[in-house]
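Asks: when you get a sec, could you give me coordinates for this:
(chains A and B)
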Number of protein chains: 2
Amino acid sequence: MKYSDIENSILQKIRPKQEERERVESVALELLAEVDRSEYATGMVVGSIARDTWVSGDRDLDVFMLFDPSVTREDLEKKGLSLAKEITEKFGAVPVEKYAEHPYINTNIKGFDIDLVPCYSIRSAANILSAVDRTPFHTRYIKEKVTGLTDDILLAKRFAKSCGVYGSDHMTEGFAGYLCELLVYHYGGFKELIRAAASEWKPGLIIDIEEHRTKDFDEPLTVVDPVDPGRNVAASLSASKMAEFSEYSRGYLEKPSEIFFELREKKYLTKEEYKEILAERGTYIYSVVFKTPNAIPDIIVPQLRKSVSGIEEMLERNGFAVNRYSEFMGEENCILLFELLNDNLPGIIKREGPPLWNRANAEKFFHKHLDSTSSGPYIENARYYVEIERKYRNAGEILNSPEVLQSGLGKHVRRSINNGYDVFSGDACYSDEFSGFLHDFFRKYSPFAEIYTDVNSR
Amino acid sequence: MKYSDIENSILQKIRPKQEERERVESVALELLAEVDRSEYATGMVVGSIARDTWVSGDRDLDVFMLFDPSVTREDLEKKGLSLAKEITEKFGAVPVEKYAEHPYINTNIKGFDIDLVPCYSIRSAANILSAVDRTPFHTRYIKEKVTGLTDDILLAKRFAKSCGVYGSDHMTEGFAGYLCELLVYHYGGFKELIRAAASEWKPGLIIDIEEHRTKDFDEPLTVVDPVDPGRNVAASLSASKMAEFSEYSRGYLEKPSEIFFELREKKYLTKEEYKEILAERGTYIYSVVFKTPNAIPDIIVPQLRKSVSGIEEMLERNGFAVNRYSEFMGEENCILLFELLNDNLPGIIKREGPPLWNRANAEKFFHKHLDSTSSGPYIENARYYVEIERKYRNAGEILNSPEVLQSGLGKHVRRSINNGYDVFSGDACYSDEFSGFLHDFFRKYSPFAEIYTDVNSR
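Replies: Okay, here's the model as predicted:
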C-alpha cells in the first residue's frame, strides 16, 4: 500500500473531482482561445493547474501570454496589458493592474482568481529576459516528471499548507508550489520527503537534481532549479520555516493523524481576551502604527521586518528589555509591536568611552564629558566611563521621538512614518484590524505543539 | 635643573629629615643587635628604609632574620617566631602573629610598624626556598643601582600614592615600592618615567632590565625581576591601575601642580548625603552583608570580587540590569553592593531551547515544556523557545534565595554567607562601617578627573 488510510482519506478530499476539473479546463480553454485570437501573443496555462498538481478548491488560474522576443520590453508591457484588459472585459470582469517584475492583470472570472501575465516566448531558460519567462519552463519540466507522483505532490502541498509554511512570498518565507513538486520528485514520494525532512534535514542541505549547479548559495536550503543552474528555488525559504516543516514531519511520523492535513482556521482575539492576556503577562506593550504604504506585500513586508528590528535594537540600546516584537501589514495600517519587560528607567545612563590606550580619543572623551556628567569620567577595565542624564526615561517617550526615524527603516516605511504615526500602549494597542495579528503574537506555538494535544485526544 | 619648582618643593616635604633618619636607624640597629645576639640567625634591614628610598613619615620597618638553609622549614618557623616574640617583648611591645607564605611577627616599637620575618640566607635568588627569601636580594640590587636616583624614587612613590595606585596588595592592585624603584631606574628618572607612562605605555609592555627573561607573562605590564628571570614584579598590577597611572602622568604634564603629590583624604558619606544621592539617581540599591571571614585581605578581597561578579551575572541572567557593583571588606562585615536599573519584573521569562537541528535535545525540550509553559514551545530563528513562569520577580527575592550560594562564591565567603547574611535595599544599605566605601562607590572619578577642577582653580 503506497498510502496510509489517513493519506487515502485526505486524497479523497483534495483530489480535484471530475466536474471541478472540467470547469477549470473550460475556463482555461476560453481564455487561451482569446489570447490566441490576438495577433501578437499565444496563450499558455502555467502553474499547478497546468501541471495537474492542484488541490481541490484551488481557485488560482495563471494564463501566460507569450510574445515574440523581438517585441520591445515597452511594447510587451503595453500590448500585454491592453490585451489582458480587453479579454477581462469580454468576460464582463474587472481588470486590476498589478506589478511584480513587470505589470500584469489580475481578475476574477467565474469564481477563479486569474492572472493574465505577458512574457517572452524563448527557447532556453538560460536566455530569459524577465523572471516570468522562466515559468513556462517550470511547467514543462514538472509535466514531464510527475507521472505517478501527482497524489504525492497533492499530499505534500496540503501538508505544508496545514503546517503554515506553504508559499514563497515574504510574509510566509515558506515552500513554493514548484519547490514542493521538486522535493517530492527528488525524494520519490510524499512519505520519502517527510522522512528525510524529519531525520536528515539541516541548514546547508543541497539538492541538485540535474547536477548542474554553477554557484554556491548561502540560504539554509538549496534546491537548484532544474531549468536554471544559477537559481536556488528555495531562496526565499527561511531557516525557521524549514525547521517548522521538519518538526511537523517528525510530529506526523510520531502521531499520524488527519490533523496534519487540516487547514487551521485564522484566529482572532477579542478586546476582552486581549486585555486578559495583558493582565496575565504583566508586561508593557507598545505599538507604532502608520498608514500602509501603497505597494505590494513583497515590497512592504521585508521593510517592516527591517524597521521593527531597527527599533527593537534602539529600544535595547536605551535600556528597554524587549521580550517579543513583530510586525504586520494590514489593509489600512501597518503595526510594529513591542512587548517590554520594563517601561520606565532611572534618570542616569552609563556611556562607555574609549580605552585609555587610545590616547587621542580618550582625551577627547575626557574633556567632552568633564563638566556635564552626573558621574565620571571614571576608569573601569582600563576604559573611560561616564554616567550622564538619560534622555528617554520612558518607552513611550522614545517611540515618540526622532530616534524612530533614525532606526534604519525601509524606504516606504520611513516615508509613511514621516507623514505621521501613532504610538499606543497597553490596551490601546488593540484594534479590529490587528485582532488576528495580536492573536498570533501572543498565542505562539510551533506547528506541532499547537496540534499536539489535539492529536492525542482524537 | 633636574627638578621643577613643584618637585623641589615636594622633595623638601618628603625627603626624610636628619633627625628622622637617625631615629629610624637607631631603632633598626637595636633590633639587628637583638637578632644577631641569638645563636641561629643574623639580622638584615630590608625594604625602603634599607634602600634609602623611604618617604618622610613612613613608619614601616622590615627586619629579616636570616637562618642557615640547613635548618628545617618547621624549625625556621618555630625558632623564627619565638625569637621574634622574645625580641618584641624585650622592647615591651605586643607581638601579633601574622601569616603570608609563612608566619611572621608584626608589632609596634617606638612608633614604628615593625615586621620581624624569618627567612633563609641563600647565595642566589634562583635557589630561594620561600618568597620572602627573595627580599634581601631586592634590597641588595636596588642599593647598588639607586645612586643619584633616590629623590626620583621618592617623587615616583609619592606620585603613585597620590594617584591611589601605590601598593601591590589585592585591594589596590597597584605598584609595589620595588616596582616603582625599578621603573625609575629603567627610565633613568622620575620625569622620564612619567613621560613614558603618559605617551608610550599600553598593555603588553615588557621591561627586562637584565635581559634575562625565561618566560612569557600575560599580565598587562611585565617588569622582569632583575634577581629572578622567571618572575614578573608587576604581576599584581591591574590594567585599570596601569591606565590610571598613565592618565595621572598625562594630567601632570598637562597641568603641573603640587596636587599631584598630595595624599587625598579618605572621604565618607553621611546618611543624609547617601539618601540624597539615591533620590537623585532613582536607581535601586541592594546589598548583601555578612560577617568578615577571619583571614587577611589578600585572601578575602579576591574572593569578594569573584563573589560580587558571580552574583552580578546571576542578576543579569534573571533580567535585572546591573548598572554598578562593588565589594568591600570591613573589620566586622563584608558588603557586596549592587545598583540596578529595575527591581521588579513581569511574571514571565523566556527560555531559549536547542536549535531544531539538534534533534535529540530539541525533542526532549519540546516534551519537557509542552504542558508547563505560559507560551510555546514556539520556533524562532530555527530554535525552540518557551516562556515560563518567572521564579524571581523582585531583586530582593532572588538575593534572599539559594541562587546566591550557587553563584560561584569564594570558599571563605561561601562559608560566611552560609552562616547567615542580610539583604538590604535603598536607604537601609547605609551603615557607618560602609560610609567610606559608599562614598567611593557613588562619587566615582578617574584620578585626574577628581583633581582637574582643583588644579584649574589654583
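Asks: quick one: the helices in the stretch 351-458 of chain A?
Replies: Along the stretch 351-458 of chain A, counting by DSSP state H, counting those that start in this stretch, helices occupy A:359-369, A:395-399, A:411-418, A:435-442, A:447-457.
Asks: any chance of those helices in CSV, plus mean neighbour count?
Replies: The way it works is simple: take the backbone N, C-alpha and C, and place the C-beta from them, glycine included. What follows is the helices of the stretch 351-458 of chain A, written out as CSV (neighbours: other CB atoms under 10 Å in any protein chain shown):
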stretch, mean neighbour count
helix A:359-369, 16
helix A:395-399, 20
helix A:411-418, 18
helix A:435-442, 19
helix A:447-457, 17
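Asks: and of the ones you listed, who's closest to chain B?
Replies: helix A:447-457 (5.0 Å; CB to the nearest CB).
Asks: quick check: A:R134 touching A:V227?
Replies: Yes - A:R134 lies in contact with A:V227 (CB atoms under 8 Å); the separation is 6.7 Å.
Asks: between the two, who's got more neighbours?
Replies: Legend: neighbour count by other CB atoms under 10 Å in any protein chain shown for A:R134 and A:V227, higher for A:V227 (22 against 18).
Asks: tell me the phi and psi of the closest residue in space to A:Y3 that isn't next to it in sequence?
Replies: Once flanking residues are discounted, A:Y3 sits nearest to A:L11: 6.7 Å by CB to CB, 6 or more residues apart in numbering or on different chains. Backbone torsions of A:L11, given as degrees, to the nearest 10, read phi -60, psi -40.
Asks: before we move on, the earlier item: what is in contact with A:R134 and A:V227 at once?
Replies: The contact sets of A:R134 and A:V227 overlap at A:A125 (CB atoms under 8 Å, 6 or more residues apart in numbering or on different chains).
Asks: thinking again about what came up before, would you format the helices of the stretch 351-458 of chain A as JSON lines with mean pLDDT and distance to B:G111 included?
Replies: Formatted as JSON lines, the helices of the stretch 351-458 of chain A follow (pLDDT from 0 to 100; distance: least, CB to CB, whole Å):
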{"stretch": "helix A:359-369", "mean pLDDT": "91", "distance to B:G111": "42"}
{"stretch": "helix A:395-399", "mean pLDDT": "97", "distance to B:G111": "62"}
{"stretch": "helix A:411-418", "mean pLDDT": "96", "distance to B:G111": "75"}
{"stretch": "helix A:435-442", "mean pLDDT": "95", "distance to B:G111": "75"}
{"stretch": "helix A:447-457", "mean pLDDT": "81", "distance to B:G111": "78"}
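Asks: between the ones you listed, which one is closest to A:K157.
Replies: Counting by CB to CB, A:K157 lies closest to helix A:447-457 out of those; the figure is 15.4 Å.
Asks: contacts for that closest one?
Replies: With CB under 8 Å, 6+ apart as the criterion, helix A:447-457 contacts A:163-165, A:244, A:247-248, A:250-251, A:255, A:257, A:259-260, A:264, B:366, B:370, B:376-378.
Asks: could I get the CA-only coordinates of it as PDB?
Replies: Extracted as PDB, the C-alpha positions of helix A:447-457 are listed here (Å, rounded to 0.1, in the frame of the first residue of the first chain):
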ATOM      1  CA  PRO A 447       3.100  24.000  14.400                       C
ATOM      2  CA  PHE A 448       3.400  20.600  16.100                       C
ATOM      3  CA  ALA A 449       2.900  22.000  19.600                       C
ATOM      4  CA  GLU A 450      -0.300  23.700  18.500                       C
ATOM      5  CA  ILE A 451      -1.900  20.400  17.500                       C
ATOM      6  CA  TYR A 452      -0.200  18.000  19.900                       C
ATOM      7  CA  THR A 453      -3.000  17.800  22.500                       C
ATOM      8  CA  ASP A 454      -5.500  17.700  19.700                       C
ATOM      9  CA  VAL A 455      -3.800  14.700  18.100                       C
ATOM     10  CA  ASN A 456      -3.700  13.000  21.500                       C
ATOM     11  CA  SER A 457      -7.400  13.500  22.100                       C
END
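Asks: quick check: domain ranges of chain A?
Replies: Chain A breaks down by automatic domain parsing into domains covering A:16-139, A:150-261, A:271-344+A:393-442, A:348-389.
Asks: hey, which of those is tucked in deepest?
Replies: Ranked by mean neighbour count under mean count of other CB atoms under 10 Å in any protein chain shown, these are led by domain A:150-261, which reaches a mean of 20.
Asks: about what we covered before: closest to B:K85 out of the helices of the stretch 351-458 of chain A?
Replies: helix A:359-369 (52.2 Å).
Asks: show me the contact partners of the closest one.
Replies: Contacts of helix A:359-369 (CB under 8 Å, 6+ apart): A:351, A:353-356, A:376-377, A:384, A:386, A:388, B:199, B:247, B:250, B:446, B:448-449.
Asks: swap the cut-off to 10 Å and go again
Replies: A:351-356, A:358, A:375-377, A:379, A:382-388, B:198-202, B:243, B:246-247, B:250-251, B:254, B:446, B:448-449, B:452 (CB atoms under 10 Å, 6 or more residues apart in numbering or on different chains).
Asks: can you check stretch A:193-201 too?
Replies: A:152-153, A:155-156, A:159, A:180, A:183-187, A:189, A:205, A:207, A:220-221, A:242-243, A:245-254, A:260, B:356-357, B:359.
Asks: go on, stretch A:392-406?
Replies: Counting by CB under 10 Å, 6+ apart, A:284-288, A:307, A:310-311, A:314-315, A:317-320, A:322, A:336, A:338, A:340, A:342-349, A:391, A:414, A:417-418, A:421-425, B:282 sit against stretch A:392-406.
Asks: just those: which are in strands?
Replies: A:284-288, A:322, A:336, A:338, A:340, A:348-349, A:422-425 (DSSP state E).
Asks: from the residues you listed, which is closest to chain B?
Replies: A:I348 (5.7 Å).
Asks: contacting residues for the closest residue to the closest one other than its chain neighbours?
Replies: Closest residue in space to A:I348, ignoring its immediate chain neighbours: A:E387 at 4.7 Å, by CB to CB, 6+ apart. Residues in contact with A:E387 (CB under 10 Å, 6+ apart) are A:347-351, A:369, A:373-378, B:281, B:323-324, B:444.
Asks: for A:E387, list each beta-bridge partner.
Replies: A:K350, A:S375 (DSSP bridges).
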